[in-house]
Structures are given as C-alpha cells and as structure tokens.
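Colleague: Show me how the following folds:
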Amino acid sequence: MISASPSRVSARHRNGSSRDEDFELVEVVRRDFESPRADFEARTIFDDSQSPNPMGVVIEQETFAWADEPNRRFVLMQFVVSNPQTQDLQDVYAGFFMDWDINTILNKTAICYDRFES
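Modeller: As a prediction, this is how the structure comes out:
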C-alpha cells in the first residue's frame, strides 16, 4: 500500500466485503533461472494506474530465496518505488499489510515464529 494523503491511497487488500485492486501489472513476474545471486530470483513491475486517485508511481519488486542454510529460513523482497511523472510527490508513505491467518481454513500454518530458531 502507498499513500500521499488520506484521499490518495493505492492498495490491494480486502476492503470490507470487496477488494481494492489499485495496482496493475506493467511487467509479468519473471523468474531468473540462472541467477548468480540466489537459488530463487524473480522480478515484476506494477503501477497504481487502477487506483481511483492514482499517484502515478511505478514499483519494481525483486524477490530472493535460498535453499541452503543459513539462508533457507527467509525470503527477501526489495521494492523500488519511482515517480516517472513531472510533478514531485510530497509526503509519500509505503507500507505492508500482511494477512497472518492465511490458510487457516485448511488448518495449515504458512507463517510462524520459532523463538528457538535464530
């Protein structure tokens, strides 16, 4: 989610009984099978062009994961937010909304914290 004011919020999450779908794919997700940086690397680009009040931002997302210890217990995601517009944006904030109860219907834990593993 990204915002420049209370009336200028771009998000993709549940909104009551509906869903905000403010982001549009600019470039489909592509996996780099020959990445020298990680066992899994993928990249995509999206923008907020579907927002009712878009800011015109473009967001590039890169995702990295590894198969071996000590790096197999996490995934890194890097987001680069750019403003290709001619007008500067002021007071822009970006954040994440995580749905921690994912897959509870199937009684499966997708995300957990183990205080004994570090």
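Colleague: Can you tell me the element Asn71 falls in?
Modeller: Assessed by DSSP states H and E, Asn71 sits outside every helix and strand.
Colleague: Neighbours of it, how many?
Modeller: 14 (other Cβ atoms under 10 Å). All C-beta atoms are positioned from the backbone trio N, CA, C, and that covers glycine.
Colleague: Same check on Gly56?
Modeller: With other Cβ under 10 Å as criterion, Gly56 counts 16.
Colleague: Check for me that it belongs to a helix.
Modeller: No: secondary structure of Gly56 (DSSP: H, G, I helix; E, B strand; the rest coil): coil, not part of a helix.
Colleague: Scan the helices and strands of this protein for the one with the lowest mean pLDDT.
Modeller: Between all helices and strands in the chain, the lowest mean by mean pLDDT, DSSP states H and E belongs to strand 14-15, at a mean of 66.
Colleague: Which secondary structure state does Glu69 sit in?
Modeller: Going by three-state DSSP: Glu69 is coil.
Colleague: give me phi/psi at it?
Modeller: phi -70, psi 150 (degrees, to the nearest 10).
Colleague: Could you give the bridge partners of Val75?
Modeller: Ala65 (DSSP bridges).
Colleague: Quick check: the gap between it and Asp32.
Modeller: 15 Å (Cβ to Cβ, to the nearest Å).
Colleague: cool, Gly56 as well?
Modeller: For Gly56, the distance to Asp32 - Cβ to Cβ - is 28 Å.
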